[in-house]
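Visitor: build the 3D model from these lines:
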Amino acid sequence: MLRIATLNALLLCTISAVSQIGTSPSSSQPPTSLDGYIHVDGVFHKTVQSATHAACDGTKPGHVFIPPGTLTGSFTPVSNCVIEGSGINSTILQISASLSLSALSNVTLKGFTIDAGVAQTVAAHACSAVPPIANAIDITDSNHVTIDEVEVRNTLGNAISVSGGDHYIDIRNSIADFFGCALSSEDSLRRSLGTIGGGFVNSPAHRAGNSHVRFFNNIAHDGNTGFETFPSSTAANVSSDVVWESNRAYANANDGFLVQSVGISTNAPMQGFRWQSNESYCNGWTPDWNNLNCAPFGLLQAGPHGTLNGEGFDLNSPLLDQPQIIGNRSHDNFGEGFDNTPQLQSRVNTSGKTVTWLPCSAKIPVCDSFSPAWKANQAVQINAVNYLISSLNGTTMTLTTSAGVQNGVRFIGVGYERATLMGNYAYNNGRGNACKVCGAGFADISYGSTYTGNVAYLNNAAGFIDQISSLITHIGDKSFDNNRSNGPEKYGFYAQAALAPTYLGVSTYESEADGPQKYAIHLDSQTTNGYAESSSLCNSAMAIYSRTTR
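Guide: This is a model prediction of the structure:
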């Protein structure tokens, strides 16, 4: 035993400071693995690939250990293999190509840093550049994969991507930093499409959907979008049971947490989706944003912010089926704290009260159909103006008021999502944002969502805003000291062209005499069938302000 232990120590000391990864195995193999491991030792196995070939043949379990040091190149893992370093920022692998896990099972990557080599300057992370590595770690068509205590840094593309056909994937205790592109005002279109670099990404693309994927206790900072989810672009490829729990996103140029999809005709639904106990802060930071809580951050952001991105949590997909948003904290973000906006989008022609849906074409790539679930007095948005539906007949809609004559204009309706948002906190969002109606605590454009026990305070705009939403229920939500911009949204709860919003046991408070949050609940003139019942409002100086029939 003494001889083996001594030999092992000597082998670990012989690794060179910089070695080449990815060459063929050494021709002179050690007789057996020491202490159950095959070591990248600088003698028998100078590369990770060599040690992997020796330890793991794809069928029998094997274990590779990489001692401290910096190695260059790329390698390919195999099934039934553990590849373990000595710790983040101790073992550093400088890669030049994606670390691909394709059609593998029972693989663990643990305890090292992957550096993709993109310099930490705004110019190096320009959005116009093409990522030399699309996904630093790319998992496809694999199962029972664990990534634990791995850092991915310095990449223009995505850091870790679960890219489709994957099942039972566990990504935990890991870090993505300095990833994606640095945004500036001219990059608003690419930013809105979510195609420019995420820290942790669940994106089946055109492949089969993913299932039983868990992202737990990870950190994404100083990148583009922290944590991203996209559906499969093939309608039959449903994703299910994707859980993001106890993660943290901060100082990212775009959203902290994002679910993104445009168009429902070809994409697949997502079921069993959950954000739980995550924290998102200081996202969407720009050098001219006057939020002192975030002054040290935003190292990759450049120029003025061109759009209203920079939400803490952004549910922007009509393909979500009953998602759960539970116990998260969102604060000091550029935009909204929580944005629940599963929108159906298309183009329409209008002639007075008549609206005609336009089919897909080269000029109209997104053409979601009118939803048969929409009801009379439900609101839609045409060319950024809200209107109420009178009746609906297939591809033709009649409004209660005239929209004039317009051709090929943008149309938005709500998706049938039915989200649950429970016990979330949103505070200090939008503060310092020059836009007076940006940065609400919770913003909703959805159908059938339920908010229970959420708290919004000190946000730039309203605490809770339900815009063109239908059948939204608030139970025990709290909203106080909002509208810090002193803008037009002087309300704890604001229903804008909403159908049947319900407020049960909600409470509001304004700590300042005649402070900027002047009213508890505001139902605008296009809101119908609203209902409020709360003892905390009965003796409140903040009245329920309504210009509609209820």
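
Visitor: when you work out contacts or count neighbours from here on, use the C-alpha atoms and nothing else.
Guide: Fine.

Visitor: Leu101: what secondary structure?
Guide: strand (DSSP: H, G, I helix; E, B strand; the rest coil).

Visitor: what sits closest to it if chain neighbours are left out?
Guide: Ile139 (4.8 Å; CA to CA, 6 or more residues apart in numbering).

Visitor: the one you found - that's part of a strand, no?
Guide: Yes. Checked against three-state DSSP, Ile139 lies within a strand.

Visitor: now for it, how many residues are close by?
Guide: By other CA atoms under 10 Å, the residues close to Ile139 number 25.

Visitor: OK, contacts around it?
Guide: Ser100, Leu101, Ser102, Ser161, Val162, Ser163, Gly164, Asp166 (CA atoms under 8 Å, 6 or more residues apart in numbering).

Visitor: and if we set it to 10 Å?
Guide: 99-104, 145, 160-166, 169, 202, 204 (CA atoms under 10 Å, 6 or more residues apart in numbering).

Visitor: now the residues you listed: which count as buried?
Guide: Neighbour-count burial within the contacts of Ile139 applies to 99-102, 104, 145, 160-166, 169, 202, 204; the criterion is 16 or more other CA atoms under 10 Å.

Visitor: could you point out the longest strand of this protein?
Guide: strand 143-155 (DSSP state E).

Visitor: need the next SSE after that strand, C-terminal direction.
Guide: strand 158-162 (DSSP states H and E).

Visitor: any idea how far that following strand is from the middle of the chain?
Guide: 12 Å (CA atoms, centre = their mean, to the nearest Å).

Visitor: helix or strand right after it?
Guide: strand 167-172.

Visitor: what is the orientation angle of that following strand with strand 158-162?
Guide: 140 degrees (axes from the mean of the first three to the mean of the last three CA atoms, to 10 degrees).

Visitor: buried set for strand 167-172?
Guide: His167, Tyr168, Ile169, Asp170, Ile171, Arg172.

Visitor: check contacts around the second one.
Guide: Taking CA under 10 Å, 6+ apart as the contact definition, Tyr168 lies against 105-106, 142-146, 210-214, 241-242.

Visitor: keeping just the C-alphas, turn stretch 309-323 into CSV.
Guide: The C-alpha atoms that make up stretch 309-323 are tabulated as CSV, following Å, rounded to 0.1, in the frame of the first residue of the first chain:
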residue,chain,number,x,y,z
ASN,A,309,-35.7,43.7,-21.5
GLY,A,310,-33.9,43.0,-18.3
GLU,A,311,-36.7,41.3,-16.4
GLY,A,312,-36.0,39.1,-13.4
PHE,A,313,-38.3,36.3,-14.5
ASP,A,314,-39.8,36.4,-18.0
LEU,A,315,-42.5,33.8,-18.9
ASN,A,316,-42.8,34.7,-22.6
SER,A,317,-44.2,31.6,-24.2
PRO,A,318,-47.8,30.5,-25.0
LEU,A,319,-46.6,26.9,-25.0
LEU,A,320,-46.4,26.6,-21.3
ASP,A,321,-49.0,24.4,-19.7
GLN,A,322,-49.7,25.3,-16.1
PRO,A,323,-46.2,26.4,-15.0
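
Visitor: mean confidence for that stretch?
Guide: Mean pLDDT, stretch 309-323: 90.

Visitor: now that stretch, how far from the chain's geometric center?
Guide: 8 Å.

Visitor: where do the strands sit along the stretch 201-350 of the chain?
Guide: With DSSP state E, counting those that start in this stretch as the criterion, the stretch 201-350 of the chain has strands at 211-216, 219-221, 225-229, 239-245, 248-250, 257-260, 270-276, 279-281, 313-316, 320-321, 324-326, 329-331, 338-340, 343-351.

Visitor: turn those into CSV, columns for mean neighbour count and distance to Thr502.
Guide: Converted to CSV, the strands of the stretch 201-350 of the chain look like this (neighbours: other CA atoms under 10 Å; distance: least, CA to CA, whole Å):
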stretch, mean neighbour count, distance to Thr502
strand 211-216, 21, 34
strand 219-221, 28, 36
strand 225-229, 29, 30
strand 239-245, 22, 29
strand 248-250, 27, 32
strand 257-260, 26, 26
strand 270-276, 21, 24
strand 279-281, 28, 28
strand 313-316, 26, 21
strand 320-321, 22, 21
strand 324-326, 21, 19
strand 329-331, 27, 24
strand 338-340, 26, 17
strand 343-351, 22, 21
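
Visitor: nearest to Tyr451, out of these?
Guide: Closest approach to Tyr451 among the strands of the stretch 201-350 of the chain (CA to CA): strand 324-326, 9.5 Å.

Visitor: can you count the residues close to Val405?
Guide: 12.

Visitor: that one reaches Asn383, doesn't it?
Guide: No. If you go by CA atoms under 10 Å, Val405 and Asn383 don't touch, sitting 11.6 Å apart.

Visitor: relative to Phe313, how far out is the residue nearest to Tyr509 when sequence neighbours are not counted?
Guide: Excluding its sequence neighbours, the residue lying closest to Tyr509 (CA to CA, 6+ apart) is Phe480, at 4.5 Å. Look at Phe480 and Phe313: by CA to CA, to the nearest Å, they are 20 Å apart.

Visitor: what's the answer for Asn224, then?
Guide: For Asn224 relative to Phe313 (CA to CA), the value is 14 Å.

Visitor: what touches both of these two?
Guide: Counting by CA under 10 Å, 6+ apart, the residues touching both Asn224 and Phe313 are Asp255, Gly256, Asn283.
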